[in-house]
Structure formats: C-alpha cells, structure tokens
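A.B. asks: Give me a 3D structure for the following:
(one chain, ligands or ions: 1)
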Amino acid sequence: MEVRAKKALGQHFLTDQKVARAIVDALHGGLPTLEVGPGMGVLTQYLLEREDIDLRLIEIDTESVEYLLTHFQGMQGKLMEGDFLRLKLEKLFPEKFAIIGNFPYNISSQIFFKVLDYKDSIPEVVGMVQKEVAERIAEKPGSKTYGILSVLLQAWYDIEYLFTVGSGCFAPPPKVESAVIRLTRNSRTELGCDEALFKTVVKTAFGQRRKMMRNPLKPLALARGKADVLSQDVFSQRPEQLSVDDFVELTNLFS
Ligand code: SAH
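C.D. replies: Modelled structure (predicted):
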C-alpha cells in the first residue's frame with residue numbers, strides 16, 4: 001500500500017529517481033544527517049546507500065512512518081514520528097549535522113528560520129523547495145525578490161541554486177515548479193553588530209518593501225532614542241538594495 005497524499009502536510013511525493021539521486025548526490029556529506037519529511041523514502045533509499053552518512057529521519061505523518069518501517073530495514077531508532085519544527089535538535093545532535101529533504105512547502109520558510117537558530121551546528125543543508133522560494137533565498141541585492149530570508153541566510157551561508165524540478169516529477173504534481181538549493185555555512189563567526197537587533201532591523205525594513213526604509217524603521221529608531229539617525233541617506237534606500245554588510249552597518253546605527 002502506498003501512502004495517500006495529504007495536502008495539509010504538503011505531501012507531493014517525488015517519483016523521478018534521477019532527480020532523487022541528484023538531490024542525495026548534492027550533499028557533501030561526512031556528517032550525521034537529518035532527513036526532514038522522508039514520506040515514502042524516495043531520498044532515503046539513496047541516503048542509506050551512502051556510507052559517509054549516519055542518517056536520522058523525522059516524519060510527521062503516521063502513515064508515512066508505517067510505510068517506512070515496513071519498506072526499509074534499520075529504521076528502528078533512526079526514524080522519529082513528529083514535527084521537525086518542534087524537534088530539540090541539540091538533544092539529537094550534540095555535534096554538527098546536515099539537513100536534507102524535499103521540504104513540505106507550506107513550512108519551508110519556518111524550516112530555514114530554524115536552521116538559522118542552529119547555524120553553528122548545521123554546516124550544510126540540501127533542500128527542495130518551491131522554485132520562487134529557492135530564487136528568493138539565492139538572490140543578490142537589487143532584485144525584486146530579495147527579502148528577509150535572503151539577507152538572514154546569506155549572512156551565514158553560501159547559497160547555490162542547483163537545479164529546477166518540474167511538477168511532472170511528483171505525484172500528485174504541485175501547482176508550482178520546484179528547485180533544489182544547497183546552503184553551505186560560510187566562514188563568518190560574528191556579524192559585527194548585535195545579532196538580535198540585526199534580525200529585527202532586517203524584518204522591520206522589509207515590512208514595507210517598496211518604500212524608503214525611513215518609513216518602516218522610524219518607530220524602531222524612536223523606540224531606541226535614535227531619531228537623529230533617520231536623516232542619513234541610507235534611509236532613503238529601499239531594503240532590497242542593501243547587502244548583508246549594509247544591514248550590519250545599518251544595525252549599528254541603532255545601537
Ligand atoms: N521526501 C518525500 C516527501 C516529500 S513531501 C519525497 O520526496 O517524496 C513532504 C513530506 O514532509 C511529507 O512526507 C510530509 O508528511 C512531511 N512533513 C510535513 N510537515 C512536516 C513536519 N512539520 N515535520 C516533519 N515532516 C513533515
């Protein structure tokens with residue numbers, strides 16, 4: 001019996017074996033690895049072949065968990081039933097680890113925000129996401145789709161858009177195209193500004209993305225007693241024009 005695809009869980013099962021192998025091959029490996037949302041195990045089968053990978057899996061869907069337990073050997077103790085977003089990763093992986101998956105598209109942004117929370121423990125992520133999300137994350141400043149996740153992830157990761165995957169490679173086919181990206185932790189150990197404030201500034205600046213940043217950032221400047229900085233030229237720019245380093249400088253204006 002196959003798993004019945006559930007929309008609410010973002011289940012679109014990859015059926016193209018070549019694509020599945022290419023995704024697994026994209027992982028540099030050599031680390032304990034967590035597969036998020038294995039479903040019926042199309043990636044899992046190739047991950048299990050790799051001797052450089054000690055695999056763990058987290059799957060929220062009971063039916064998929066049962067499928068994996070009956071179709072793959074050695075799942076006991078490796079496969080967890082539960083929600084990745086609630087997983088205490090530091091308990092599971094005391095050392096560094098990688099993440100791979102055909103991510104459920106409804107929570108892909110939340111998955112990346114969680115990766116950011118653990119950035120010093122996660123040197124590598126290979127994931128399939130909606131094509132637009134992949135483009136946005138990989139995009140450089142100046143582009144219309146450059147946004148919060150692009151800045152926050154690019155601060156800590158080198159991002160490669162690897163390849164596009166058509167909707168015909170899935171059952172049932174999603175409405176959108178997909179793409180595979182790889183995140184590799186860069187050499188940055190600190191930002192050069194307060195990290196929490198950096199996040200706040202980036203999120204607030206993109207709150208009204210088509211406007212000069214003076215508008216959205218004004219309340220923050222006032223709250224921090226820094227109204228005087230608002231006259232500076234940088235506030236006449238729109239957030240999508242700023243690089244990571246520009247945002248670091250901007251953050252320092254508020255502290
Ligand atoms: N990797 C499989 C399935 C991809 S679909 C394939 O390529 O065919 C996304 C998978 O993520 C589904 O199996 C879904 O049940 C699972 N999933 C959805 N939300 C999840 C969550 N919060 N935590 C863990 N798994 C989740």
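
A.B. asks: Show me which residues of the stretch 1-150 of the chain sit near the ligand.
C.D. replies: For the stretch 1-150 of the chain, the residues in contact with the ligand (Cβ under 6 Å from any ligand atom) are 9-14, 36-40, 42-43, 58-61, 64, 83-85, 102, 104, 107. Where C-beta positions appear, they are placed from N, C-alpha and C, glycine not excepted.

A.B. asks: And the closest residue to the ligand within the stretch 1-150 of the chain, how close does it get to Ile53?
C.D. replies: Residue of the stretch 1-150 of the chain nearest the ligand, by Cβ to the nearest ligand atom: Gly37 (2.1 Å). Using Cβ to Cβ, to the nearest Å, Gly37 is found at 17 Å from Ile53.

A.B. asks: returning to that earlier point: quick one: which of the residues of the stretch 1-150 of the chain next to the ligand sit in helices?
C.D. replies: Taking DSSP state H, the ones among those that sit in helices are Ser64.

A.B. asks: In strands, which of the residues of the stretch 1-150 of the chain next to the ligand fall?
C.D. replies: Residues of those located in strands (DSSP state E): Phe13, Leu14, Val36, Ile58, Glu59, Asn102.

A.B. asks: Now render those as JSON lines, adding pLDDT and neighbour count.
C.D. replies: Below are those laid out as JSON lines (pLDDT from 0 to 100; neighbours: other Cβ atoms under 10 Å):
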{"residue": "Phe13", "pLDDT": "97", "neighbour count": "17"}
{"residue": "Leu14", "pLDDT": "98", "neighbour count": "19"}
{"residue": "Val36", "pLDDT": "98", "neighbour count": "24"}
{"residue": "Ile58", "pLDDT": "98", "neighbour count": "23"}
{"residue": "Glu59", "pLDDT": "98", "neighbour count": "27"}
{"residue": "Asn102", "pLDDT": "98", "neighbour count": "27"}
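
A.B. asks: Now do the same for the closest residue to Asp61 other than its chain neighbours: its pLDDT.
C.D. replies: What sits nearest to Asp61 in space, not counting adjacent residues and going by Cβ to Cβ, 6 or more residues apart in numbering, is Leu9, at 5.5 Å. With respect to pLDDT, Leu9 has a value of 93.

A.B. asks: For Thr70, the count of nearby residues, please.
C.D. replies: 9 (other Cβ atoms under 10 Å).

A.B. asks: Mind telling me what element it is part of?
C.D. replies: Thr70 is part of helix 62-71 when elements are defined by DSSP states H and E.

A.B. asks: Going along the chain from that helix, find the next helix or strand for me.
C.D. replies: Immediately after helix 62-71, counting by DSSP H and E, sits strand 79-81.

A.B. asks: Ser109: what's it in contact with?
C.D. replies: Contacts were defined as Cβ atoms under 8 Å, 6 or more residues apart in numbering; by that measure Ser109 touches Val133, Leu149.

A.B. asks: How about the host helix or strand of it, which residues are buried there?
C.D. replies: Using DSSP H and E, Ser109 maps to helix 108-117. For helix 108-117, the neighbour count (16 or more other Cβ atoms under 10 Å) marks Ser108, Ser109, Ile111, Phe112, Phe113, Lys114, Val115 as buried.

A.B. asks: I'd like the next helix or strand past that helix.
C.D. replies: Next element after helix 108-117 (DSSP H and E): strand 124-130.

A.B. asks: Can you tell me the centre-most residue of the protein?
C.D. replies: Phe112 (2.8 Å; Cα atoms, centre = their mean).
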